[in-house]
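>>> Just a sequence and a predicted model for now, questions to come.
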Amino acid sequence: MGLTTGFETVVRQGEPLAMHTWFQLGGPAEYFAEPEDADQLIALVRRCRQEGAAVRLLGQGSNVLVRDEGVPGMVIRLSAAAFGKIQVAGPTVVAGGGAPLGRVITTAVHQGLAGLETLIGIPGTLGGALHGNAGTHGGDVGQWTVRATVISASGEVAQRDRDELDFGYRQSSLDELVILEAAFQLEEDDPRELAKRMQKHWIARKAAQPMGHQCAGCVFKNPRGASAGELIEEAGLKLTRIGGAVVSDRHANFIVAEPECTSQDVLRLIDLIRSQVHDRLGVELERELEIW
Ligand code: EPU
């Protein structure tokens, strides 16, 4: 039956992925879909399973580097309005996996619900944030999560309650294909105080990180008790360049893509940083950025 029959309005072939990622690099997806609602999404996931096609979920592309040769199989984006709803009931916020994390945070703050405001400035969708348990030194998204609805690679819908959820530093037990929806239990607080706190976090982040440049989030995880950015700077690697890929001068755990940069340049720079930090400081860095 193929991957497009019956999905002609939502599946495209050869979609360039660069424009869907923060790095703005890399080749096309063999198939790319933006389903309209959960039923269509489930039907599509099941079709991919029948046809033996690999499926990947793309959020806002802020933690992904797509290789220059592109991605085989199906890439799905939850860009339709049906996946981005945010509802507030008492101290609980329920949001769709496709909702931008920033919008979930500001909605909670405006409603006088505290907890997520320290995460302001983290890019990406809620689904992506939960997948990798995005966070800052002030906390992470997992610590406020009480429930999630997921879809497996075979197209089965399941609910995971708090006792089944396990979050660690940049890792999550939510490893199913799709995070459809999640609920957060927050704490009541004064909305004006919360907004001020959120603004402080935003300013601190803007000052410390190369926002507005063509780059993704942090490239490496922080090793236990250390900062990857600090180690990369200590190894003397700030402003190191391969082709159009440069280690950020503002924060060494970011790679900035300049005009003419290719994904291969970024991949080679990542390898160089890892080997130099190992040789000079004896520390093995682990990648946080996903490579597709
Ligand atoms: N530092 C340097 N040189 C640098 C970068 C940082 O010396 O080039 C030093 C800073 O001066 C500071 C320490 O390293 O003393 C920590 O730096 P920062 O506060 O910027 O935090 P981080 O540990 O580098 C983590 C997260 C960020 C998150 C910030 C803010 C990781 C890998 N990174 O960075 O998350 O925004 O805290 O809380 O856990 C991400 O995960 O993609 C990400 C950007």
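That came through fine. Residues are numbered from 1 along each chain as shown.

>>> rest of the way, CA atoms for contacts and neighbours
Noted.

>>> got the residues of this protein near the ligand?
For the chain, the residues found near the ligand under the criterion CA under 6 Å from any ligand atom are 136-137, 208, 217-218, 220-222, 227, 229-230, 233, 251-252.

>>> which residue packs closest to the residue in the stretch 1-150 of the chain that the ligand sits nearest to, ignoring adjacent ones?
Of all residues in the stretch 1-150 of the chain, the one sitting closest to the ligand is residue 136 (3.4 Å; CA to the nearest ligand atom). Computed as CA to CA, 6 or more residues apart in numbering, the closest residue to residue 136 that is not its neighbour in sequence is residue 119, at 6.4 Å.

>>> wait, doesn't that neighbour sit right on residue 137?
No - shown here, residue 119 and residue 137 do not form a contact pair, counting by CA atoms under 8 Å, at 9.2 Å.

>>> how close does the residue of the stretch 1-150 of the chain closest to the ligand sit to residue 179?
Applying CA to CA, to the nearest Å, the value for residue 136 to residue 179 is 21 Å.

>>> Would you mind telling me which of those two has the busier surroundings?
Shown here are residue 136 and residue 179; by other CA atoms under 10 Å, residue 179 has more neighbours (27 against 16).

>>> Can you name the residues that contact the residue nearest to residue 136?
Contacts were defined as CA atoms under 8 Å, 6 or more residues apart in numbering; by that measure residue 119 touches 105, 135, 136, 138, 139, 140, 141, 201.

>>> Give me the subset of those that lies in strands.
Assignment to strands by DSSP state E places the following of the contacts of residue 119 there: 135, 136, 139, 140.

>>> quick one: which of those is most hemmed in?
When neighbours are counted by other CA under 10 Å, residue 140 leads these with 23 neighbours.

>>> Let me know how buried the residue nearest to that residue when sequence neighbours are not counted is, in neighbour terms.
Excluding its sequence neighbours, the residue lying closest to residue 140 (CA to CA, 6+ apart) is residue 134, at 5.7 Å. Counted with other CA under 10 Å, the burial measure for residue 134 works out to 23 neighbours.

>>> Does the residue of the stretch 1-150 of the chain closest to the ligand touch residue 117 like I think?
No - with contact defined as CA under 8 Å, residue 136 does not count as touching residue 117 (10.7 Å).

>>> The protein - how does it break down into domains?
When the chain is parsed with automatic domain parsing, its domains come out as 11-80, 84-206, 211-291.

>>> first to last residue in the shortest one, what's the distance?
Between the opening and closing residues of domain 11-80 there is a gap of 13 Å (CA to CA).

>>> do the second one as well
Between the start and the finish of domain 84-206 there is a gap of 26 Å, counting by CA to CA.

>>> Check the offset of that domain from the chain's centre.
Distance of domain 84-206 from its chain centroid, counting by CA atoms, centre = their mean, to the nearest Å, is 12 Å.

>>> which stretches of the protein form helices?
Residue ranges of the helices in the chain, as given by DSSP state H, are 38-51, 101-110, 126-131, 191-208, 228-234, 263-281.

>>> contacting residues around the first one?
Contacts of helix 38-51 with the rest of the structure, by CA under 8 Å, 6+ apart, involve 2-3, 7, 35, 54-55, 74, 82-83, 151, 153-156, 180.

>>> Likewise for the longest one?
Outside of helix 263-281, the residues that reach it under the criterion CA under 8 Å, 6+ apart are 25-26, 65-68, 219, 231-232, 235, 237, 241-246, 255, 257, 283-285.

>>> Then the third one?
Applying CA under 8 Å, 6+ apart, the set of residues contacting helix 126-131 from outside is 58-60, 95-101, 104, 141-142, 171-172, 174-175, 178-181.

>>> which of those count as buried?
The neighbour-count test (16 or more other CA atoms under 10 Å) marks 58-60, 95-101, 104, 141-142, 171-172, 174, 178-181 as buried among the contacts of helix 126-131.

>>> Out of those residues, list just those in strands.
Cross-referencing these with the strands (criterion: DSSP E) gives 58, 95, 96, 171, 172, 178, 179, 180, 181 as the overlap.

>>> got JSON lines for those residues, with pLDDT too?
Supplementary listing: those in JSON lines, determined by pLDDT from 0 to 100:
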{"residue": "58", "pLDDT": "98"}
{"residue": "95", "pLDDT": "98"}
{"residue": "96", "pLDDT": "98"}
{"residue": "171", "pLDDT": "94"}
{"residue": "172", "pLDDT": "96"}
{"residue": "178", "pLDDT": "97"}
{"residue": "179", "pLDDT": "97"}
{"residue": "180", "pLDDT": "98"}
{"residue": "181", "pLDDT": "98"}
